[in-house]
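*Asks:* Fold the stuff below for me.
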Amino acid sequence: RNVVDTYNNLAIVYAENGNLERAETIYRQALEIDPTSAVMRYNLGAFYAQVGSYSKAVEQYKRAVELHFDLYQAHNNLALAYIALGKPAEAVVEYEISIELNPRQSRAYYNLGLVHEEEGRFARAASYYEKALARELTMPDVHYHLGLAYAGMHKEEQAMAQYEKVLSLDPSHKEAHYRM
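*Replies:* Predicted coordinates for the structure are as follows:
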């Protein structure tokens with residue numbers, strides 16, 4: 001186990017210093033030592049996502065959750081990779097699992113709201129944005145997207161109130177200024 005942790009730390013250092021090929025090699029060597037390490041699969045998935053290899057990221061995140069289903073971060077990141085691959089339906093499933101495993105995480109609610117907003121399901125998007133805000137009140141982008149969802153539902157006063165909230169939190173938020 002300590003050897004795998006050492007490999008993991010070494011791979012992170014190589015990746016942070018831009019030596020991506022070496023980082024990938026070390027991640028793979030660690031998995032040769034312990035192919036059942038959900039954490040290593042998760043980290044390799046994160047590495048692939050970071051370098052834009054989303055199909056490989058999906059593969060590793062899937063293996064991570066097969067090994068350790070309760071790893072809610074892997075479900076969340078798997079959803080992000082699905083979004084990058086243009087697979088919103090698969091992303092929704094993974095976000096919902098992630099939220100079920102850890103209902104306190106505001107980011108998954110926000111991301112799920114984004115998927116529904118993109119698909120034109122504004123009421124559902126608004127519901128998820130409100131849940132995100134109930135968990136982390138100072139996220140200007142959540143207020144902004146909640147405003148967009150309200151606008152999509154033709155609730156202009158509520159939309160304007162959200163854009164005002166955005167500007168109170170971030171006076172330089174260009175999109176909110178534009179919507180005002």
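
*Asks:* so where do the helices sit in the protein?
*Replies:* 2-16, 20-33, 38-50, 54-67, 72-84, 88-101, 106-118, 122-135, 140-152, 156-169, 174-179 (DSSP state H).

*Asks:* Reformat those helices as a markdown table; add mean neighbour count and mean pLDDT.
*Replies:* Every C-beta, even on glycine, is put in place using the N, C-alpha and C of the backbone. Shown next, in a markdown table, are those (neighbours: other C-beta atoms under 10 Å; pLDDT from 0 to 100):
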| stretch | mean neighbour count | mean pLDDT |
| --- | --- | --- |
| helix 2-16 | 15 | 91 |
| helix 20-33 | 17 | 93 |
| helix 38-50 | 22 | 94 |
| helix 54-67 | 20 | 98 |
| helix 72-84 | 23 | 96 |
| helix 88-101 | 19 | 96 |
| helix 106-118 | 22 | 93 |
| helix 122-135 | 20 | 95 |
| helix 140-152 | 23 | 96 |
| helix 156-169 | 17 | 95 |
| helix 174-179 | 14 | 91 |
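
*Asks:* ok, so what distance separates the residue of the chain positioned farthest from its centre from Val65?
*Replies:* In the chain, the residue that sits farthest from the middle, by C-alpha atoms, centre = their mean, is Glu157; the gap is 29.8 Å. In this view, Glu157 and Val65 are 42 Å apart by C-beta to C-beta, to the nearest Å.

*Asks:* now swap in Gly120 and tell me
*Replies:* 29 Å.

*Asks:* what do you get for Leu112?
*Replies:* The gap separating Leu112 from Val65 is 17 Å, by C-beta to C-beta.

*Asks:* same deal with Gln105?
*Replies:* According to C-beta to C-beta, Gln105 stands 16 Å off from Val65.

*Asks:* same thing with Ala176?
*Replies:* 36 Å.

*Asks:* now do Val13
*Replies:* 26 Å.

*Asks:* ok, now Glu156?
*Replies:* Going from Glu156 to Val65 by C-beta to C-beta gives 42 Å.

*Asks:* what's the answer for Gly113, then?
*Replies:* For Gly113, the distance to Val65 - C-beta to C-beta - is 22 Å.

*Asks:* Now do the contacts for the closest residue to Tyr7 other than its chain neighbours.
*Replies:* In space, Tyr7 comes closest to Ala30 once its chain neighbours are excluded; the distance is 3.6 Å by C-beta to C-beta, 6 or more residues apart in numbering. Shown in contact with Ala30 (C-beta atoms under 8 Å, 6 or more residues apart in numbering): Val3, Val4, Tyr7, Asn8, Ala11, Ser37, Met40.
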